[in-house]
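A.B. asks: quick one: sequence plus predicted model below, questions after.
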Amino acid sequence: MTQIDFYTHVQDKQLFACKLSAKALAQGLRILVLAQDEDAAASMDQMLWRVPPTGFLPHCRARDPLAEVTPVIVDCDPGELTHDQLLLNLGSERPAFFSRFQRLIEIVTTDEADCRAARERFRFYRDRGYDIRSHDMSQSGKAAS
């Protein structure tokens, strides 16, 4: 069954996703970063070129010819899924295919609309028996885990 983690009170969703992606990549995991829309996917793609500042996260879009061998995929429409390890959801909707993944991470900001959508996703997962872990990131000293 998919392991689900909610990271709440995140100040910058994309920056946090970059940090989580870097940690996951260091653990040898493959990541699909699912963006809300094309603009958000393009923005995330650009951010991954800059964050972390002392490293590089090899990434591409889902339809890139190298997607099969690239550890981080960033897109709003993943097309054919090339792995099943980690799904980072940056959108407001529940990904229809989340249960194919070993782990799902939901990142929630302090924005009220984002919180409301996250509560709906949380209830959906909980009502179907998924074990959900919550991580409150409002404490400034906490690192991405």
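C.D. replies: Yes, it's here.

A.B. asks: go through the lengthiest helix in the chain and flag the buried ones.
C.D. replies: Counting residues, the longest helix found in the chain (DSSP state H) is helix 112-127. Going by neighbour count (16 or more other CB atoms under 10 Å), the buried part of helix 112-127 is Asp114, Ala117, Ala118, Arg121, Phe122, Tyr125. C-beta coordinates here come from the backbone N, C-alpha and C atoms, glycine included.

A.B. asks: tell me if I'm right that the fifth one and Ile132 touch.
C.D. replies: Yes - taking CB atoms under 8 Å as the contact criterion, Phe122 and Ile132 are neighbours in contact, 6.5 Å apart.

A.B. asks: overlap in contacts of the two?
C.D. replies: Counting by CB atoms under 8 Å, 6 or more residues apart in numbering, the shared contacts of Phe122 and Ile132 are Phe6.

A.B. asks: ok now the helix or strand just after the longest helix of the chain, how far from the chain's centre?
C.D. replies: Downstream of helix 112-127, the first helix or strand assigned by DSSP states H and E is strand 132-136. Relative to the centre of its chain, strand 132-136 is centred 14 Å away, using CA atoms, centre = their mean, to the nearest Å.

A.B. asks: if we can go back for a sec, pipe the buried residues of helix 112-127 into CSV and attach pLDDT per row.
C.D. replies: Below are these laid out as CSV (pLDDT from 0 to 100):
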residue, pLDDT
Asp114, 97
Ala117, 98
Ala118, 98
Arg121, 98
Phe122, 98
Tyr125, 98
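
A.B. asks: doesn't Lys23 fall inside a helix?
C.D. replies: Yes - remark: Lys23 belongs to a helix, assigned using DSSP: H, G, I helix; E, B strand; the rest coil.

A.B. asks: that one: neighbour count?
C.D. replies: As a burial measure, Lys23 scores 14 neighbours (other CB atoms under 10 Å).

A.B. asks: all helices of the chain, in order?
C.D. replies: So, for the chain - with DSSP H - the helices run 13-26, 38-47, 112-127.
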